[in-house]
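> Give me a 3D structure for the following:
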Amino acid sequence: MVSLPETGNDPLDAPSLSLQMINRQIKEFQQQGSATTEMEVERLKHGCKRAMQKMVEQWKKMNDSLNEYNSA
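All right, here's what the predicted structure looks like:
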C-alpha cells in the first residue's frame, strides 16, 4: 500500500495535491505491471475519483458562498 504525504495547511490545496500524487503513482504502477500493482492502480483510481469529487464539492460551496455574499 502507498501512503500519500501530508499536504500544507490550506485545505483547498489538499485535493489538488492528492490528485497530482495519485496520478503520478498510477503512472509508476502501470509501468511495473503485476497483478498486485494492477489492484493498487485500481485503488488509486478510486481515490483519484474521490479527490475530484471533493474538489467539485468545495468549488460549489465556495461559489454558493460567493453568490450569498454578492446578494447581501
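> Give me the neighbour count for S18.
20 (other Cβ atoms under 10 Å). C-beta coordinates here come from the backbone N, C-alpha and C atoms, glycine included.
> R50 too?
Neighbour count of R50, defined by other Cβ under 10 Å: 14.
> Distance check, it against A72.
With the distance defined as Cβ to Cβ, to the nearest Å, R50 ends up 33 Å from A72.
> just E38 next, same as before
When E38 is compared with A72 (using Cβ to Cβ), they lie 52 Å apart.
> Which one's more surrounded, those two?
Under the neighbour definition other Cβ under 10 Å, E38 and A72 were set side by side, and E38 has more, 13 against 5.
> quick one, what contacts the more buried one?
By Cβ atoms under 8 Å, 6 or more residues apart in numbering, the contact set of E38 is F29.
> where does the strand or helix carrying it sit relative to the chain's centre, distance-wise?
For E38, the host element (DSSP states H and E) is helix 35-71. Centroid separation between helix 35-71 and its chain, computed with Cα atoms, centre = their mean, to the nearest Å, is 6 Å.
> separation between N23 and G33?
N23 sits 17 Å away from G33, going by Cβ to Cβ.
> average pLDDT for the helix or strand containing E28?
E28 belongs to helix 13-32 when assigned by DSSP H and E. On average, the pLDDT along helix 13-32 is 76.
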